[in-house]
Structure formats: C-alpha cells, structure tokens
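In: predicted model and sequence follow; I will ask about them next.
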Amino acid sequence: MSRFTDVVELPLALKERKHPTAVFWNRLEGRPRTDNFTQSLRAEVRDSLWMIARQWQMGEYEGDDAGSPVFAKLHTEKTKLRKYQPLAHGAQSFDDEKPLETQVECMPIPMQIATQPISLDIRLLMGRHWGKMMNNPVLLAAFVANYAIEMPDRTTPAGAPVFAHKEVWQQWAAVAGRRMDGYKFYRHLKDGGLASDGIPGADDTLGQRFVDWFEALFFQPSTQNGNKAWAPERLEYQFSVSAPRDGAEMVLRAAEYYHGHLDWYSVDHDKQAKQLGDTVSDPSGTLSTQTQTFVPTQVSFNGMPNTRWWAFEDGKTNFGELRPGRNDLARLLMMEFVLVYANDWFLLPIALEAGSMALVKGLAVTNVFGERTWIEAGNRGLDDDFKRWSMFTMNTLGKRLEPADLTLAVLPTVAKMQEGKPFEEFAMVRDEMANMVWGVETRIPSPNGGTMNAKEAAYETRRFFEELAKVKPEDLPVFKANIRYEVMNDVPENWIPFIPVHEEGSSQAIHLQRSSMLRFIKGDVVKPRKVKPRTDLLREGLDKTPVEVYFIREEEVPRSGIYVSQSFQRTRWYNGRVFTWLGARKRTGRGEGASGLAFDRVIDKPA
C-alpha cells in the first residue's frame, strides 16, 4: 500500500481540510539513528533549499497582519500624597522628608517599667554626650549630682528588676551615683525646664541642642502617648493617606499592616471616603497630566530564547533546566512567559517621584506601516471580577460591582533597611485545656539595655521574692498524709493569661482581657502579689493613672498563634538623613500551647 495519498483537487481539499496535516512546528529536535548525538547537536547547515525547508518547519513564513511598534505616546495623570492619618486620629500634612515606615512604625523606646528605670545604656549615652557638649568638668559634676543614676531599694519588691539578675545588679552598682542619667535631664528639658535650673552657669542654649541631637538619633512619636498608628487591641498598625484628585481626595487605607515593609499591596483604595480631615487638600502643585513620547524598546533578559533558529543564545541562564512540580503555578507561569511570550513585550520607562500616584489614561502606538492604535489598560473592569488579572494595582474597598482602580501607588518607602535582634518578643498561643489564651514572653527588655531571656528572668525574679520573704524551711508546716489537696498549681511567670469575656453590649461576641496570675510563696505571710508582664506591648495601660484594662480582639489569635516582637530599624533616606526607630512586627505562630494549669487536684505527697 502506498504511503502517500493522491489528492485530485488540491484547492478544494485544502479549503475543506480533508487531509489534516502539520504545516509547521514550534519545536525542532535532532533524532539520530545511532547512540552518538554529536552530529545531531551540531545543527549543521546544508544548501539553500535545506535552509528554506527549516524556516518553513519553524513557522517563519507564517505572516501576521501586524507591524512592529516604532513610535508611542503615553498619556498619564499624576498626583502626590498630601495627608496622613494614623488610625482614628486627626489628619495631618504628609511629610515626604521621612520614610513612610518610619512615620507609621515608630514606637516610644521603653525607658521605664512600673517605677524602675530601664535602658541604662541609652541613659549613659545621653549623659556622656551632654558632658562632651559642655566640656566643663566642674559643671558636669554638678549635673551628675542633680541627675544621678539611682539604685532601687533591695529590701522592697521595687528592687526586683535590678537585684534579681546578677549581671544587671553589677552594672547598676558600677554607675549608681557616679554617672549622669541623661534621659532624666532630657525629660526635664521636654517638660519646660532649663539646663541652668539648680545649676548656675549652665548654658541654656545647649539644652535645646541636646534635645535636637537625641530626637535625631532616635525617631520617636511626637507625644508620650505612644504611636498613634498602633492598634493594641489588634497588635498591628492602621493608617490612611490621601492625594487630591477630581475635586476630592483619593483615600488609601492600611487596615492591617504588620509585615515590616510597606508597599502598594499594603493599602486599599477606599472610595467611600471622600477626604481625610475637615478640608480637601490643595491640589495646586500636585495634580498634573503629561504626554510622553517614546521609542518602544523590546523587553530582554538573560537566557531569553531567540526567535530565530540559527541565532546564538546566552547559555549562562538555562530555563529548560527548571523542574517545577505540578502545583508550582508561579514557576510554570514564569516558564511559559520566558519560553513562549518573551518577545511579545515592549518597555516604556516612566520616572515617578516617591509619594506619587499615577494613572495611565491610554497609549497611542504607531507601527512601521504608519497605523496608529489607541490602547487602554487591559485589566480594566470590575474589581471583584474573578476573570480579571492585574498586578501592582490596589484593591478597592466598598460595595460589589465597584470599578477597578488602575492607579499605580509609588509609596515613599525604603528599599532596604537594617534590622536588629528583637528588643522584646512574645507569643500569643491558645491553650484549649485551660480554655484561655496565653501571652508567653520569650524576650524582655533588660534594665541594662538590650534583652533578656524571659524564662530565665522569670525564674530569677521568683527566687528573689522567695529570698525577700525570708521563709525558713523549719517554719513550714509538716504534713504526714500521703496525699494532699491542691487548689491550683503554678505556671512560669513569663506566661501572662488572657481570659475570654463578653464584649460590652453583646451576649455572643467575646474579646480577650489581660489578667494576672498570683505569685504564691510557701510560708510568706504577705498577700500574694500579681505577676505583671515585662514586655512593653503587653503592658498596655498598666503604667497609666488610673490603670487601664487591656483587651485583644479574639480573632487576632488564630489556632496557629502569633509571634509579636519589637526591634530597632535603621535606614538612610534619599536626602541622606539616617533614621533609627523601634518598630513592631507580627508573624504566624507555631501552633497551640499547654501551660499545665490545673485546679482542684489530689496529688501524692512529695518524696
């Protein structure tokens, strides 16, 4: 039987597709008849007819009714951020001289826990700098006498933060009465005092320079009430920014920011809000429209496949060696782009200032045939349309069927920052057996500065109170029974309980209220004291007068738990200024915990 089929009427057969056949290939491979691949991999060139056949096989004769772009005009509308509003506080002018992360994240550096001053390293640094500014040993001695580092009373519970820890005690004893407490002097100046108060001869003009130096060294909130953007009940930041547009304002909200790096995905466009504050921002100098002319440049990258078969490619990057799994969609999409659609993209560079909001109104493209085409955004449509795909655009808050916001937000954020080790850290974990949530402190601020292991500090603190009680073993009662009744057992003092309580005015919704465990010491005649947290974030409201109750939203502690930490951040802004601040982070925990808390038990007598 013949391998070929005779076609009588070729034009009619082609029109009706009676004999389907492959007319070109998108992949051409050598298929040697031996186990030697050397000749096949050479891709040798033959005569002209052989070259024409290879071009036909590769589909290079397939024509498209299109032309390459040679000229383009881009029409954009730009505006700039003009307002910033932390949480539910008043709106204020946007300051683009500072990174947005710095303004949002900065927390006050803890300088005191209860009645005990901490951060001894910063206090000594400030005192030493003030001495250098004066350059007068006689006056410095007077300042040391007036603003001296003080030791607490070891015979009272107030001395526990210092005397419970040997290394802390040693350092405080070395400087107490001998060095100046620079932060105490700083608070005196901030409260309206003068450098010469009680010290004749001191230069008052140096006092303001000292305040400016410290506030430039550490960027902190402008008030002593803490960071206005921090939502303690949710353990995250919330803020809004706005830019003038169309006679109103475009309001961007960050409802839950805790990641540590701000960008376009951190904010959403709130179309329900028309402005921040009482007045609309002045649009003068911010709103602008611009038409730019470009020569489109084709996108290229290392390892990009060449569209012609007989062209050499960069062998340093081999996308063919990628081995994605079946569920690795991101890698599969990347491979499909670089291997199939890489030569379909052209680049039009646009320079935007930090803090700008840009909207591309359209693009006019002229091809090699002189044809002009007006192109609009391909991702336009409804924001909640699941078929719409977009990148680098913001989500739109509001009702359903809202038009998608195609604005590109270039927030004034830092590209790179240095982050120190956690200054303090705790975990929020669920304990199903105890039916409560625990705030487990892992790192706590040290009175010396830096951090301490919270578990070790809790053990040392308990031992200090046991020594303070002065209970002798012979004074304890002796029980002869083999069993005894225990009302409640102990948990480590770095475990802070949060109990579920009903929200005010609701019989169903609950939130978590910070509570306290009691420190029971056998033989102590003093009433058991409440164990309080030593991390600044968990002490919310404890150091205020009167003491405020602290609640955490129940949904903020999932079954997996969360880790919350504070650490110092440092970066350099585009104007050359260095910013250092203390910021908070939140990340996913590692599951549930078990405190071992139990009530009403009959236990065996210890051996």
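Out: Received it, and whenever you're ready, just let me know what you need.
In: all contacts plus neighbour counts: C-alpha atoms, from now on.
Out: OK.
In: now residue 499: which helix or strand?
Out: For residue 499, the enclosing helix or strand under DSSP states H and E is strand 495-502.
In: so how far is that strand from its chain's centroid?
Out: 27 Å (C-alpha atoms, centre = their mean, to the nearest Å).
In: list the contacts for residue 376?
Out: 361-363 (C-alpha atoms under 8 Å, 6 or more residues apart in numbering).
In: same check, this time on residue 514
Out: Residue 514 touches 496-499, 549-551, counting by C-alpha under 8 Å, 6+ apart.
In: do the same with residue 232
Out: 537, 540, 552.
In: sort out for me which of these are in strands.
Out: residue 552 (DSSP state E).
In: format the contacts of residue 232 as TSV; extra columns: neighbour count.
Out: Putting the contacts of residue 232 into TSV (neighbours: other C-alpha atoms under 10 Å) gives the following:
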residue	neighbour count
537	19
540	18
552	20
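In: of the contacts of residue 232, closest to residue 66?
Out: residue 552 (60.8 Å; C-alpha to C-alpha).
In: that closest one contacts residue 428, correct?
Out: No - the pair residue 552 and residue 428 fails to qualify as a contact (C-alpha atoms under 8 Å) at a distance of 10.3 Å.
In: returning to that earlier point: ranking by neighbours, what's the top pick from the contacts of residue 376?
Out: Tallying neighbours with other C-alpha atoms under 10 Å puts residue 363 at the head of the contacts of residue 376, with 19 neighbours.
In: for the helix or strand harbouring that one, which strands pair with it and how are they oriented?
Out: Assigned by DSSP H and E, residue 363 belongs to strand 356-367. In the sheet, strand 356-367 lines up against strand 69-80 (antiparallel), strand 372-375 (antiparallel), strand 408-410 (antiparallel) (DSSP bridges).
In: closest to residue 194 out of those?
Out: Among the strands paired with strand 356-367, strand 69-80 sits nearest to residue 194 (C-alpha to C-alpha), with 41.1 Å.
In: buried sites along the closest one?
Out: Within strand 69-80, the residues scored as buried using 16 or more other C-alpha atoms under 10 Å are 69, 71-74, 76-80.
In: ok, for residue 547, nearest residue in space, not its chain neighbours?
Out: Spatial nearest neighbour of residue 547, excluding adjacent residues (C-alpha to C-alpha, 6 or more residues apart in numbering): residue 541 at 5.7 Å.
In: which residue ranges of the stretch 1-150 of the chain form helices?
Out: 10-16, 38-41, 48-57, 100-105, 120-134, 137-146 (DSSP state H, counting those that start in this stretch).
In: give the bridge partners for residue 372, please.
Out: Assigned bridge partners for residue 372, using DSSP bridges, are residue 366.
In: kindly report the same for residue 409.
Out: Beta-bridge partners of residue 409, as defined by DSSP bridges: residue 357.
In: can you give me the neighbour number for it?
Out: By other C-alpha under 10 Å, the residues close to residue 409 number 24.
In: and residue 88, by the same measure?
Out: Around residue 88 there are 12 residues (other C-alpha under 10 Å).
In: likewise for residue 443?
Out: The number of residues near residue 443, taken as other C-alpha under 10 Å, comes to 25.
In: state the pLDDT value of it.
Out: Residue 443 carries a pLDDT value of 96.
In: that one and residue 436: what is the separation?
Out: Shown here: residue 443 relative to residue 436, a distance of 22 Å by C-alpha to C-alpha, to the nearest Å.
In: what does residue 123 give?
Out: For residue 123, the distance to residue 436 - C-alpha to C-alpha - is 39 Å.
In: likewise residue 546?
Out: 26 Å.
In: tell me which of the two has more neighbours.
Out: residue 436 (16 against 8).
In: report the contact partners of the more buried one.
Out: Applying C-alpha under 8 Å, 6+ apart, one finds that residue 436 lies in contact with 430, 497-500.
In: narrow those residues to those that are buried.
Out: 430, 497-500.
In: make JSON lines out of those residues and add distance to residue 519 and pLDDT.
Out: Shown next, in JSON lines, are these (distance: C-alpha to C-alpha, whole Å; pLDDT from 0 to 100):
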{"residue": "430", "distance to residue 519": "22", "pLDDT": "95"}
{"residue": "497", "distance to residue 519": "13", "pLDDT": "96"}
{"residue": "498", "distance to residue 519": "17", "pLDDT": "96"}
{"residue": "499", "distance to residue 519": "18", "pLDDT": "94"}
{"residue": "500", "distance to residue 519": "22", "pLDDT": "93"}
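In: reformat these as CSV; add distance to residue 455.
Out: Shown next, in CSV, are the buried ones among the contacts of residue 436 (distance: C-alpha to C-alpha, whole Å):
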residue, distance to residue 455
430, 19
497, 15
498, 19
499, 22
500, 25
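In: and the chain, what are its domains?
Out: For the chain, automatic domain parsing gives the domain ranges 10-57, 110-217, 274-410, 418-604.
In: need the distance between the two termini of the longest one.
Out: To tie it back to what came earlier, the one meant is domain 418-604. Termini of domain 418-604 sit 54 Å apart (C-alpha to C-alpha).
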